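1. only geometry, no sequence info:
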């Protein structure tokens, strides 16, 4: 297993480097009047992180025979949306977090008003970044913009965040919890797979898109269940954040509805199904390894 | 003059109704789990307002021979971006305003966290709304998405907001002040004219686009100068907000650099130049009247 993971980590590192290089390019020539906001945007964009979403974009594009240059604008856009959501999530009126990935959060460094605007700017420019893709047809670029918008707004990620806030003061049924996670985390992970497939010219009706969505839906949910388990069983030093916060906030999690063993079993089952959806495609090894890694990760 | 204004107001009212109807349609079937956020989005979207940006989109589309249905997705997107920026501007960490257009601000009604997410959702869905335009070519829809993203993010509106914050604690030269306003207010007004022209099939290189940009640049700056004058000479009851706030916050405005009379003269000059840019086109009357109205408005 460790050889497979080592290959995966090397591959993820390469994909992260490609994405970061592309993101840097999108900033263009410096403008001295807005250098503070550009610096604050880069602070959070380049604060580390696994770059899982860009990796999924690139991997599905490669799996279906596409070229990296067609995937990179979409990968960069996904990472901008993800980073914007983290900056806003950390704000005092939301989770009020001082640390993110072991570094001070954006508002701790630049102040609350700037962090708010930095998040806004990342959300806004993500769509121009996705649209500015000369390596796909205009029709495909437009489909990507629409899919990204839907996945991020109130019928996707933001809707999940709203359900999550509601869940802090109300118990959630298992079905509601699954829906919440499908929106909050799942929507952007599915969008990553979708945009990767788009970059390879795969359309919505294609059998391959169906399989990509099965994979992304499965690993997205397994990802969240694993998060809930790590919040109970994790090692704070490895995790980089305090454990036990869900119980402290009396939040409904998968562990409200099942034992740790049942949750582990469920996440394992979802991961196997996700892998099964794509196992027939040549070159699926990295996405198979990613699914396993997300299940067995300790941070 | 009052006949011309009456015709303008009737025309603006019609355009606002068309835009509002289109915005309503974009919400689609209700989803009970996200009804709170959808309701909070509609609260601010339908809180009144002059709908100047949608009116500019529709007017330029009509001026250049386009059809309303091609302009409406762009008009709706512009209004979503504008509304999102107002919601975030009103938040406690920004201007901390309790009232907007005489009604409680979004966070006063729904709480700060929800208002933050409502603004986010509006910004995110604006791009899907602009992209979902079957009445223009995919190339034009993509150009609209790119222009909207650029106009709104850190090299447009958000950059202007950042310069504005900096200006609250530092004196700004007249040149910096002009740049700030060109970004903060001007960028979305120019984008409105641009997307309206796009909807009529006018491309970036077209002479008509140049004229549209001259008009929008002129009225955008005149709009802001008039705002600064109203903050000193306005009637609070008509304005719907307290006057004197710029002086109280020792903010650099156009009146830091010129007398009221000089500012009025400058705004008048800009308005005349803006009108001159489009006066040769048949059907320019409504945009001419809009420029005059924005100069002589009292709120």
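-> Now that the structure is in, tell me what you want to look at. Remember, it's a predicted structure, so these values are computed and weren't measured experimentally.
2. C-alpha from now on. contacts and neighbour counts both.
-> Will do.
3. how about low-confidence regions in the stretch 151-299 of chain A?
-> A:240 (pLDDT under 70).
4. what parts of it come near chain B?
-> Residues of the stretch 151-299 of chain A lying near chain B by CA under 8 Å from any CA of the partner chain: A:152-155, A:158-159, A:162-163.
5. need the residues you listed in CSV (columns: secondary structure).
-> Shown next, in CSV, are these (DSSP: H, G, I helix; E, B strand; the rest coil):
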residue, secondary structure
A:152, helix
A:153, coil
A:154, coil
A:155, coil
A:158, helix
A:159, helix
A:162, helix
A:163, helix
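6. which one of the residues you listed is nearest chain B?
-> residue A:153 (4.5 Å; CA to the nearest CA).
7. so how many other residues sit close to the residue nearest to the closest one when sequence neighbours are not counted?
-> Spatially, and ignoring its direct neighbours in sequence, residue A:153 is nearest to residue B:121 (4.5 Å; CA to CA, 6 or more residues apart in numbering or on different chains). Look at residue B:121: counted by other CA atoms under 10 Å in any protein chain shown, it has 28 neighbours.
8. what's near enough to touch residue B:121?
-> A:152-154, A:158 (CA atoms under 8 Å, 6 or more residues apart in numbering or on different chains).
9. tell me how far residue A:2 lies from chain B.
-> Separation of residue A:2 from chain B (CA to the nearest CA, to the nearest Å): 40 Å.
10. residue A:202 now?
-> If you go by CA to the nearest CA, the gap between residue A:202 and chain B works out to 18 Å.
11. check which helix or strand covers the residue lying closest to that residue once chain neighbours are set aside.
-> Computed as CA to CA, 6+ apart, the closest residue to residue A:202 that is not its neighbour in sequence is residue A:209, at 6.7 Å. If you go by DSSP states H and E, residue A:209 is part of helix A:207-233.
12. helix or strand next in line after that helix, which one?
-> Next along from helix A:207-233, by DSSP H and E: helix A:236-239.
13. list the helices and strands that following helix packs on?
-> Packing contacts for helix A:236-239, counted by 3 or more CA pairs under 8 Å, 6 or more residues apart in numbering or on different chains; DSSP states H and E, involve no helix or strand.
14. residues touching it, excluding its own?
-> Contacts to helix A:236-239, defined as CA under 8 Å, 6+ apart, come from residues A:242-243, A:298-299.
15. just the buried members of those?
-> Buried members of these, counted by 16 or more other CA atoms under 10 Å in any protein chain shown: A:243, A:298-299.
16. what about the strands in chain A?
-> A:99-100, A:103-104 (DSSP state E).
17. just send the residues of the stretch 151-299 of chain A next to chain B back as CSV, with neighbour count too.
-> Shown next, in CSV, are these (neighbours: other CA atoms under 10 Å in any protein chain shown):
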residue, neighbour count
A:152, 29
A:153, 25
A:154, 28
A:155, 22
A:158, 27
A:159, 28
A:162, 23
A:163, 24
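18. make a markdown table out of the residues you listed and add distance to residue B:194.
-> Shown next, in a markdown table, are those (distance: CA to CA, whole Å):
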| residue | distance to residue B:194 |
| --- | --- |
| A:152 | 26 |
| A:153 | 25 |
| A:154 | 28 |
| A:155 | 29 |
| A:158 | 29 |
| A:159 | 32 |
| A:162 | 34 |
| A:163 | 37 |
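19. close enough to count as contact, residue A:68 and residue A:58?
-> Yes. Residue A:68 is within contact range of residue A:58, at 6.3 Å (criterion: CA atoms under 8 Å).
20. any stretches of the stretch 1-150 of chain A with poor pLDDT?
-> Short version for the stretch 1-150 of chain A, where the test is pLDDT under 70: A:1.
21. for residue B:145, find the nearest of the strands of chain A.
-> strand A:99-100 (31.3 Å; CA to CA).
22. who's in contact with that closest one?
-> Contact partners of strand A:99-100, identified using CA under 8 Å, 6+ apart, comprise residue A:105.
23. just checking: what are the partner strands of that strand?
-> When sheet partners are counted by DSSP bridges, strand A:99-100 sits next to strand A:103-104 (antiparallel).
24. chain center to the strand it pairs with: distance?
-> 20 Å (CA atoms, centre = their mean, to the nearest Å).
25. now swap in stretch A:53-60 and tell me
-> Centroid displacement of stretch A:53-60 relative to its chain, using CA atoms, centre = their mean, is 10 Å.
26. do the same with stretch A:254-263
-> The answer for stretch A:254-263 is 23 Å, by CA atoms, centre = their mean.
27. circling back: most neighbours per residue, which of the strands of chain A?
-> Of all the strands of chain A, strand A:99-100 carries the top mean neighbour count, a mean of 16, counting by mean count of other CA atoms under 10 Å in any protein chain shown.
28. ok, residue A:168 - how many residues close by?
-> Considering only other CA under 10 Å, residue A:168 is surrounded by 14 other residues.
29. name the nearest residue to it, sequence neighbours excluded.
-> Leaving aside its chain neighbours, residue A:168 sits nearest to residue A:251 (5.2 Å; criterion: CA to CA, 6+ apart).
30. wait, isn't the one you found in contact with residue A:171?
-> Yes. The pair residue A:251 / residue A:171 is scored as a contact, 7.5 Å apart, by CA under 8 Å.
31. which parts of the stretch 1-150 of chain A sit against chain B?
-> Residues of the stretch 1-150 of chain A lying near chain B (CA under 8 Å from any CA): A:33-34, A:37-38, A:88, A:93-94, A:112-114, A:116-117, A:120-129, A:131-132, A:138-139, A:141-142, A:145-150.
32. which of those are buried, as a PyMOL select command?
-> Selecting only the buried entries of the residues of the stretch 1-150 of chain A next to chain B in PyMOL, with 16+ other CA under 10 Å as the criterion:
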select buried, chain A and resi 33+34+37+38+88+93+94+112+113+114+116+117+120+121+122+123+124+125+126+127+128+129+131+132+138+141+142+145+146+147+148+149+150
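33. thinking again about what came up before, burial check on the residue nearest to residue A:168, number of neighbours?
-> 20.
34. show me the contacts for it.
-> Counting by CA under 8 Å, 6+ apart, residue A:251 has contacts A:167-169, A:171.
35. thinking again about what came up before, which among the residues of the stretch 151-299 of chain A next to chain B gets closest to residue A:259?
-> Nearest member of those to residue A:259, counting by CA to CA, is residue A:163, at 23.0 Å.
36. which residue is the nearest non-sequential neighbour of the closest one?
-> In space, residue A:163 is closest to residue A:180, 6.0 Å off (CA to CA, 6+ apart).
37. swap in residue A:282?
-> Counting by CA to CA, 6+ apart, the residue nearest residue A:282 is residue A:63, at 7.2 Å.
38. so how far is residue A:198 from that neighbour?
-> Distance, residue A:63 to residue A:198, by CA to CA, to the nearest Å: 12 Å.
39. of those two, who's got more company?
-> A count of neighbours by other CA under 10 Å puts residue A:198 above the other of residue A:63 and residue A:198, at 27 against 21.
40. that one is in contact with residue A:61, isn't it?
-> Yes. Using CA under 8 Å, residue A:198 is in contact with residue A:61, at 7.5 Å.
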